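K.L.:
Any chance you can model this:
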Amino acid sequence: MEDQRSLLIVDDEEDVCLLLKRSFQREFKTVETAHLLQEALQVAERLRPDILLLDNNLPDGLGLDFVKKFKSINPEMYIILFSAMDLQREAIVAGADIFLGKPLNLGVMREVMRR
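P.N.:
Residues are numbered from 1 along each chain as shown. Next up is the predicted model:
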């Protein structure tokens, strides 16, 4: 069931973005993707997403280093940082709302986004 929230997915792997977009498009009014941090910032400025799914390791930097920039666009944005590395503490210190490890579990992601 679609609600009025918007979701931005940031991952350099197109297949991951496609999978996540297809998995969540029925639950959000708008779902957009970006493959680079700079592109994601531009999309976030325009979309002002309610939820951001942010991979840490991207070609143009680390998601951890951009959390505060995304929060400055929309302080209410719920940021879910994910990585294959265990960055739980670092993610929270950087300002992310939650950290999820890879491989991603869609059921866990869905539950986190409902909160």
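K.L.:
What are the contacting residues of the helix or strand where residue 7 lies?
P.N.:
Using DSSP states H and E, residue 7 sits in strand 6-10. Outside strand 6-10, the residues that touch it by Cβ atoms under 8 Å, 6 or more residues apart in numbering are 16-17, 20-21, 24, 28-35, 37, 40, 43-44, 47-55, 58, 63, 113. Backbone N, C-alpha and C define where each C-beta goes, glycine included.
K.L.:
Low-confidence regions, the chain specifically.
P.N.:
In the predicted model of the chain, residues 1-2 satisfy pLDDT under 70.
K.L.:
Do you have the helices of it handy? List them.
P.N.:
Under the criterion DSSP state H, the chain carries helices at the ranges 14-24, 37-47, 67-73, 88-94, 106-114.
K.L.:
Please identify the buried residues of the last one?
P.N.:
Buried residues in helix 106-114, counted by 16 or more other Cβ atoms under 10 Å: 109, 112-113.
K.L.:
can the helices of the chain go into a markdown table with extra columns for distance to residue 4?
P.N.:
Output for the helices of the chain, formatted as a markdown table (distance: least, Cβ to Cβ, whole Å):
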| stretch | distance to residue 4 |
| --- | --- |
| helix 14-24 | 14 |
| helix 37-47 | 13 |
| helix 67-73 | 19 |
| helix 88-94 | 27 |
| helix 106-114 | 14 |
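K.L.:
Nearest to residue 100 among those would be which one?
P.N.:
Comparison of the helices of the chain against residue 100 by Cβ to Cβ identifies helix 106-114 as nearest, at 6.6 Å.
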